[in-house]
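*Asks:* Mind looking at a prediction? Sequence and model below.
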Amino acid sequence: MSTPAFQRPPRLGVVLVVVAAIMMLTPMLWVLILSFKDNAALMADTSSAFHPPWTLANFRNILGEGQVFTWLGNSVIVSLSMTAGVLVLSSLAGYAFARLDFPGRRLLFVLVLLGLAIPEQAVIIGRHQMFSAVSMHNTYTALVLPGLSMPFGVFLMTQYFRAMPKELDEAARLDGASRLTIFWRILLPLSIPAQATLGIFTFLHAWNDYWWPLISATDKEMLTLTVGIAATQMNFAQAEGLGFLMAQAVFAGLPTLLVYLVFQKYIVRAVAGAAGQ
Amino acid sequence: MRRWLALLALALLAAGCGQKDDRTRLVIQRFFGACQAEYGAVTDPGQAEGECGIITAMINQFEQANPDLRVVENTVFWPGYDQLTAQLAANGAPDLVTMHSSAIPDYEARGLLEPLDELLAAVGIHPDQFTEAARAGVTVDGHIMGLPIDVWAPLWHVNMNLFQQAGLVEDGKPVLPTSTEQFHAHAAQFRERTGKPYFIQVTSKDFAGPMRLFYAWMMQQGAPPFRDARHANFDSPEARRALEFMTELYRRGHSARNLDYAGAVSAFLKGEGGILVDGTWMVGQFDAAAKDATSPLYQGYAVRPFPFLFQGRQVSLVDGHNWVMPRNPRRTEAQREAAQRFLAYFAANDFQWARTGHFPAYRAIIDSPEWQSLPHREDIAIITRIGEPLPRFVRRQSPIEFIVGEEAAAAFTGVKPVERALADMQRRANEILQSF
């Protein structure tokens, strides 16, 4: 069997990709450069960002805010808990919808999919009242629980499990494996790429979430990083504190960058897999 | 792994063994940003600068002087009303909250604020100590719904160096127009001699600027922006005259274009226009630029109230910041007493807050030599007498302000004809007013 010869990508394609990459990176670089400039200098003229002196004062001010590491910790706890919860629930539900035959399966699956069509805005008041009724605001539970119902996760895992050959289950059953064993020992390890995609997606969604934490976590000890750093902004931050504002964006974005760097192999594989299907 | 678990258990044990804090908990929620890194340890407000610095130092000083209280300072993203509404819905509102005068009627109408008449009177704070504008901002149906901490107004910030070049300075003071015709004449002269626009205003993204201009110029003609609690007055001839003037000044090229708020401030600091319409909070920043030899504003900054271009009433649109006490069925008497102590402290130290550039809420401070000696204050002090907030019966001022600014901007930038913008403004505002 011969190895396929390396095909040079078309020159036009490379140019387009480079242009697109520059367009994507320019705003991020702009944010990064501004974050190293003094606020007063930027208020007078943003083009001063291209000239020295640069400063770390904006980052020092973020770290000097006594609560910032509490908020960081809250975000880590909420994001990791939500990610773990979504992975467990979506995998189990996906397996059930894909592999088990039970009454009302189709209807239930349709109901779950309907969740994709309901925007958060439509349910947030009712949800807030529910958590108020049980005095649960300003708790990690309140921050994590609503995020666990992720119809997209159930859909993704269902489709992934459906794509796996049923012969795997049949062979295992002949060897005496129970349904749980089949799920745990055979199908779950094979679904790692989908789990990684869903995990990264959920983590980023939880990390960047703003609205629900804004109205549920109102004690400063319970704020997540997104809400906490927004609260530290002055009224006219875009004019008077632009450097600080941009430093906040960089600071808040660093963990997601870290997630990408650590898991980039899975992300690329997941995207490539999606493109290939 | 075991070692880590042991350490974690020890840490939890240590946290659990912490001394119980029996002090009364006072929760203060405010906007104005956080600046703990710079002012977290400052307990002398005189050593602090800017809104964030001064309020942080004031709260620190109060906490230091009241060791029997545990002050929890919640800083919220401006203006913080989403969080407050959520807290009220969950029966967990803080003890004191910063609130704009324009937002008070909305919360008051829904019974979400406690009247403070008795609470303030008990510590010697009476409404007659407030300035007219401050009192009007917190009074609803004869009750005092908050402790005013300042009054703020949109102002005309003037680049005197460019005004000098344009021949619009007399006796060291800016010559400002007294009619719409004179406005156009000054603007044309300014453009001819400096090559720059006379007027810098926010024309995109942020609609507060156009709204303030429109309201101010309606009110100067003696026309209230609202007829009653359920009807706006944007279909009046005065509204039309105000918007036509705004459109005309833009059409003739007297205004800088395509600027958001940050862009407008930056353009003024770079000397790209003669007048910037912005609030009291910028006086300190521009005054500092006027002392910087490298700034185009060096030794050339003045500030004035809106000139009276229409021959009607001498009036200036104002708003203000206040401390209010949201209803909370769980609030104890001890917490109420702690809040009362804080309000008394803030009233006694309002001069420090007035250094931010906002007008003090108390007559005694306005009359004091120390306030009058602050930079530029005597040039704008008249606003404390002629300043007027929107009527208290207009409950939903904030969403209506957005509509007014959006439609006004659509008209003067040419997106909509004036007639249609006013009709849309009237219809949309009435829909909100009549939704109660």
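*Replies:* Here it is on my side, so go on.

*Asks:* Any idea which residue of the stretch 51-200 of chain A lies closest to chain B?
*Replies:* Across the stretch 51-200 of chain A, the shortest distance to chain B (Cβ to the nearest Cβ) belongs to A:Gly64, at 2.4 Å. Quick note: C-beta positions are derived from backbone N, CA and C, even for glycine.

*Asks:* if I read this right, that residue contacts B:Glu38, doesn't it?
*Replies:* Yes - the pair A:Gly64 / B:Glu38 is scored as a contact, 7.4 Å apart, by Cβ atoms under 8 Å.

*Asks:* give me the number of residues near the closest residue to chain A within the stretch 151-300 of chain B?
*Replies:* In the stretch 151-300 of chain B, the residue that lies nearest chain A is B:Ala262 (4.1 Å; Cβ to the nearest Cβ). Number of residues near B:Ala262 (other Cβ atoms under 10 Å in any protein chain shown) recorded here: 21.

*Asks:* Which helix or strand contains the spatially closest residue to it that is not a sequence neighbour?
*Replies:* The shortest distance from B:Ala262 to any residue other than its chain neighbours is 4.1 Å, reached at A:Ala239 (Cβ to Cβ, 6 or more residues apart in numbering or on different chains). According to DSSP states H and E, A:Ala239 maps onto helix A:237-240.

*Asks:* buried ones in the following helix or strand past that helix?
*Replies:* Next helix or strand after helix A:237-240 toward the C-terminus (DSSP H and E): helix A:242-276. Neighbour-count burial for helix A:242-276, counted by 16 or more other Cβ atoms under 10 Å in any protein chain shown, picks out A:242-252, A:255, A:259, A:263, A:266-267, A:270.

*Asks:* and what of stretch B:257-275?
*Replies:* Applying 16+ other Cβ under 10 Å to stretch B:257-275 flags B:259-269, B:271-275 as buried.

*Asks:* pretty sure B:Glu51 contacts A:Met234?
*Replies:* Yes - the pair B:Glu51 / A:Met234 is scored as a contact, 7.0 Å apart, by Cβ under 8 Å.

*Asks:* The two: which is more packed in?
*Replies:* Regarding B:Glu51 and A:Met234, a neighbour count based on other Cβ under 10 Å identifies B:Glu51 as having more, with 26 against 22.

*Asks:* residues in the stretch 201-350 of chain B within reach of chain A, list them.
*Replies:* Applying Cβ under 8 Å from any Cβ of the partner chain, we find that the stretch 201-350 of chain B lies next to chain A at B:260-262, B:265-266, B:269-270, B:281, B:285, B:289, B:295.

*Asks:* And those, which is closest to B:Thr139?
*Replies:* B:Trp281 (23.8 Å; Cβ to Cβ).

*Asks:* and the closest one, what is it in contact with?
*Replies:* A:235-236, B:51, B:152, B:356-358 (Cβ atoms under 8 Å, 6 or more residues apart in numbering or on different chains).

*Asks:* For A:Gly243, give its distance to B:Ala229.
*Replies:* Separation of A:Gly243 from B:Ala229 (Cβ to Cβ, to the nearest Å) stands at 44 Å.

*Asks:* again, but for A:Met43
*Replies:* From A:Met43 to B:Ala229 the distance is 40 Å (Cβ to Cβ).

*Asks:* Comparing these two, which shows the higher neighbour count?
*Replies:* More crowded of A:Met43 and B:Ala229, by other Cβ under 10 Å: A:Met43, with 22 against 15.

*Asks:* In which helix or strand does that one reside?
*Replies:* Using DSSP H and E, A:Met43 falls in helix A:39-44.

*Asks:* Nearest residue to the closest residue to chain A within chain B in space, please, no chain neighbours.
*Replies:* Here chain B gets closest to chain A at one residue, B:Ala37, 2.4 Å apart by Cβ to the nearest Cβ. Residue nearest to B:Ala37 in three dimensions, not counting chain neighbours: A:Gly64, with 2.4 Å by Cβ to Cβ, 6+ apart.

*Asks:* count of neighbours near that neighbour?
*Replies:* With other Cβ under 10 Å as criterion, A:Gly64 counts 16.

*Asks:* likewise B:Phe130?
*Replies:* Neighbours of B:Phe130 (other Cβ under 10 Å): 24.

*Asks:* Need phi/psi at residue 210.
*Replies:* In the absence of a named chain, this looks at chain A. phi -120, psi -40 (degrees, to the nearest 10).

*Asks:* Count the residues that sit near B:Arg327.
*Replies:* By the criterion of other Cβ under 10 Å, B:Arg327 has 14 neighbours.

*Asks:* Relative to B:Glu272, how far out is it?
*Replies:* From B:Arg327 to B:Glu272 the distance is 48 Å (Cβ to Cβ).

*Asks:* A:Val86 too?
*Replies:* Per Cβ to Cβ, A:Val86 is found 51 Å from B:Glu272.

*Asks:* go on, B:Ala288?
*Replies:* Separation of B:Ala288 from B:Glu272 (Cβ to Cβ): 19 Å.

*Asks:* Enumerate the residues of the stretch 1-150 of chain A near chain B.
*Replies:* A:43-46, A:60-67, A:128-129, A:131-132, A:135, A:137-138.

*Asks:* Please list only the buried members of those.
*Replies:* A:43-44, A:46, A:61-62, A:64-65, A:67, A:128, A:131-132, A:137-138.

*Asks:* Give me the subset of the residues you listed lying in helices.
*Replies:* Among those, the ones falling in helices (DSSP state H) are A:43-44, A:61-62, A:64, A:128, A:131-132.

*Asks:* Including pLDDT, could these go into JSON lines?
*Replies:* Rendered in JSON lines, the data for those read as follows (pLDDT from 0 to 100):
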{"residue": "A:Met43", "pLDDT": "83"}
{"residue": "A:Ala44", "pLDDT": "80"}
{"residue": "A:Asn61", "pLDDT": "86"}
{"residue": "A:Ile62", "pLDDT": "86"}
{"residue": "A:Gly64", "pLDDT": "82"}
{"residue": "A:His128", "pLDDT": "92"}
{"residue": "A:Phe131", "pLDDT": "93"}
{"residue": "A:Ser132", "pLDDT": "90"}
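
*Asks:* For B:Pro67, state which of the buried ones among the residues of the stretch 1-150 of chain A next to chain B is nearest.
*Replies:* Minimum distance to B:Pro67 across those is 22.0 Å, recorded for A:Gln67 (Cβ to Cβ).
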